[in-house]
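In: with the sequence up front, the predicted model follows.
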Amino acid sequence: MRVRSPWALLVLTGCVSVAAAPDSGVSPPFNACPAHPCTAYPQTPAPLCNGGTCLASSLYTGLVMVVSLSQDSDFAPGQSIAIPYSDLSFSPPTITCTSPSTPCAQLPTYAIVQGAYTVSQQIQSKGGLDWNLGNPDSPTALPVHVTYRPLWQPAPGGPLVDAVSLGLPLDVIPAFVVDETAPSSPPGPGQGPSIGFQANLQASLSYEAVIQPDPPFDAIFPPDVQDVSFMIGTTNDEDSLALDTTLALGSPPMPGSQFPNFSVSRTSGNLVGWQAYLRDATTLRRLSTLVTLGDSPKVVLPTNHHPASDDALTGTELVLAPPAGSPSLPTYVAGLTAGELPYAETYPQLPPPVTVTGNVTDVSGTKPVEAELFFEVTEQSTTEGIYAYEPTTGLGLNTVNFEYAAQTTAVIDPSTNNATYTITLPAGEYRVTARPLDTLHQVTVETAFNVDPTAGATSPQVLVDVLRPVQGYALIADGRYMAGALVEAVPSSCANSPPPPARPPSAYCMPRDAQTTTAADGTYLLNLDPGNYVLRVEPQSGTGFPWVTQSLLVPATPVTVPFITVPAPVSAGIQLLDPYGNPVVDAVVRLFQVPATGPAIEVGLALTDSTGTYDLYLAPSSP
């Protein structure tokens, strides 16, 4: 029966858990009945003794299965498949389940996607994009590299988001290049062999497809960027280039629609060797051609990203990036204001860069601490910026138009016994993250690190505290201690940072993960960086208990976690078959709870056996 409801009933079976917790040397408790009566679990509905294990039943939403197939798999070797648990085809009538006590489910099939990036004669000479591809009588198929980035929709009807940034372990899938031999295939540049691509993708899963011309063609023809999904079978994803146009440019007014073009300049110096492009304002991935600037102030940046509004500048930002080897020049970014990008963009004059030399110590100011230091300015911040000379206001902090990141390392100088660093930076207000190289001190974020343009060389000190102790204990709902369980602190967001923006946050300030095991009395102790975590308790393999998770905020003070209760579980063990009815052998199965907002949380892990069967327990969902 095909289950299409957003709710999936997880049935009672007598499976054995294979949660991946290491052997801690502590004898763990077991979920075994009638030795430990199911009536001792204060749960509703009450768990029942089934095959010697206390099991509950529960309804779930937002549960996602990710199956990573082995390299020896006959079906999609080395690939990962993601599917809502409620969309699994349980006990399909065309397939014979071989396990009498476990339901079977069939994985979705793959789509074979074939295509090419073709450029017509009309496009080659349109709008000033004059480029002779050597095929005067036909379109041209360009050499390209193609990637498909898996997307996921956390909330029904909501936006698609990058699956990896959400926390689902799905790799970006590259297509492979194929030489087209059909007589009707358009030739490659200079009447060369026709060029295409092919990829095997999970049917019905959404992807961000990026079809990017290879150099030197990427300087003239933009990537094709769009969200796609494919059905079962062979699909043609051929892209006949159709450039986006815009009416959203500012002064001077331009009649009719046009390709995005700008007049760019620099107050002090020129922009020769700089690069200009348009990027997606959320993902920060490039949408236009990548143009290396010369003497001319005009730059044309065609796009082919299929915006919902049919305007090339929807959701974009203009980027002016300094050439390689210019470490003290920040990148200039201009976003839309009232739906428009100004036609003329000027990189303002900056004061001279400042050499910063300082030390990293513990909070006493006396003990040196070796650490990596990351200095960041992001154009989306209201507290970080670069000092610049503006035409009307003079020297001031520009918090809108600049991005900059640099790093250095503070190492102990034997002559002074100080952990010293030196770095040259554009004058500005930075967020600085110190990531200690030892295991005693915490990741420390300073959000107001001022590099003053009038002070010359400065000598600021960065103070780092010790790690924060986090202690707690885990109990089984029937009153026993949860001994020998793995306890993991999985980082979810930075400390001392603003609320997560729409675009991907920096990884520099993220806390580090940590793990330990519970003692015989269920207690545990972790030493953590400040920040936000998912705290996860994973009972030992074979005990018949589920993973349990809860959110954890670690401030700048010690933390005692309320005790964690491990309930009688729901069995989610099934037999997995491929689309042809063969068992999916030696595959890693991971289950994730995907909320409408926030990251995906892994709630279970298992490995399929020689029959494609895996055993896994889940904590019942909250009412």
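Out: Great, that's in hand. These numbers come from a predicted model, not from an experiment.
In: quick one: which helix or strand includes the most centrally placed residue in the chain?
Out: The centroid of the chain falls nearest to residue 165 when counting by C-alpha atoms, centre = their mean (2.0 Å). Here residue 165 is covered by helix 163-166, with elements defined by DSSP states H and E.
In: domains for this structure, by residue range?
Out: With domains defined by automatic domain parsing, the chain comprises 8-108+570-618, 110-231, 261-342, 354-452, 468-499+510-566.
In: what distance do you get for the residue nearest to the centre of the chain to residue 175?
Out: When C-beta to C-beta, to the nearest Å is applied, the distance between residue 165 and residue 175 equals 22 Å. From N, CA and C alone the C-beta is placed, and that goes for glycine too.
In: continuing past the helix holding residue 165, what's the next helix or strand?
Out: Counting by DSSP H and E, what follows helix 163-166 is strand 173-174.
In: that following strand packs against which elements?
Out: Counting contacts by 3 or more C-beta pairs under 8 Å, 6 or more residues apart in numbering; DSSP states H and E, strand 173-174 packs against strand 144-152, strand 194-202.
In: the same query, at a cut-off of 7 Å, please.
Out: For strand 173-174, the elements it packs on are strand 144-152, judged by 3 or more C-beta pairs under 7 Å, 6 or more residues apart in numbering; DSSP states H and E.
In: just how off-centre is the strand it packs on within its chain?
Out: Using C-alpha atoms, centre = their mean, to the nearest Å, the mean C-alpha position of strand 144-152 is found 13 Å from that of the whole chain.
In: equivalent analysis for stretch 558-565, please.
Out: With C-alpha atoms, centre = their mean as the basis, the mean position of stretch 558-565 lies at 29 Å from the chain mean.
In: residues making contact with that stretch?
Out: By C-beta atoms under 7 Å, 6 or more residues apart in numbering, the surrounding residues in contact with stretch 558-565 are 468-475, 477, 535, 537, 548, 550, 552.
In: how does it look with 8 Å?
Out: 468-477, 482, 522, 528, 535, 537, 548, 550, 552-553 (C-beta atoms under 8 Å, 6 or more residues apart in numbering).
In: of those, keep whichever come out buried.
Out: 468, 470, 472-477, 482, 522, 528, 535, 537, 548, 552 (16 or more other C-beta atoms under 10 Å).
In: how near is residue 541 to residue 616?
Out: For residue 541, the distance to residue 616 under the criterion C-beta to C-beta works out to 11 Å.
In: okay, those two: which has more neighbours?
Out: Shown here are residue 541 and residue 616; by other C-beta atoms under 10 Å, residue 616 has more neighbours (26 against 17).
In: for that one, which non-adjacent residue is spatially closest?
Out: Nearest-residue entry for residue 616: residue 606, 4.2 Å, with adjacent residues in sequence omitted and distances by C-beta to C-beta, 6 or more residues apart in numbering.
In: what's the burial count for the one you found?
Out: Other residues near residue 606 number 24, with proximity taken as other C-beta under 10 Å.
In: do the same with residue 166
Out: The burial metric for residue 166, expressed as a neighbour count using other C-beta under 10 Å, is 20.
In: give me every residue that touches it.
Out: Contacts of residue 166 by C-beta under 8 Å, 6+ apart are 152, 154, 594, 599-600.
In: kindly recompute the last result at 6 Å.
Out: Residues near residue 166 by C-beta atoms under 6 Å, 6 or more residues apart in numbering: 152, 600.
In: also residue 167?
Out: Going by C-beta under 6 Å, 6+ apart, residue 167 touches 599-600.
In: so how far is residue 209 from it?
Out: 22 Å.
In: same thing with residue 289?
Out: Here residue 289 is placed at a distance of 18 Å from residue 209 (C-beta to C-beta).
In: the residue nearest to residue 616 pairs with what?
Out: The bridge-partner assignment for residue 606, based on DSSP bridges, gives residue 589.
In: hmm, it is touching residue 614, no?
Out: Yes. Residue 606 is within contact range of residue 614, at 3.9 Å (criterion: C-beta atoms under 6 Å).
In: need the strands for the stretch 201-350 of the chain, in chain order.
Out: Counting by DSSP state E, counting those that start in this stretch, the segments of the stretch 201-350 of the chain that form strands are 206-213, 224-229, 233-236, 239-240, 261-266, 275-280, 291-292, 298-300, 316-321, 331-335, 344-347.
In: out of the ones you listed, nearest to residue 489?
Out: Proximity of the strands of the stretch 201-350 of the chain to residue 489 was assessed by C-beta to C-beta; the nearest stretch is strand 206-213, lying at 31.1 Å.
In: give me the sheet partners of that closest one and which way each runs.
Out: When pairing is defined by DSSP bridges, strand 206-213 lines up against strand 144-152 (antiparallel), strand 224-229 (antiparallel).
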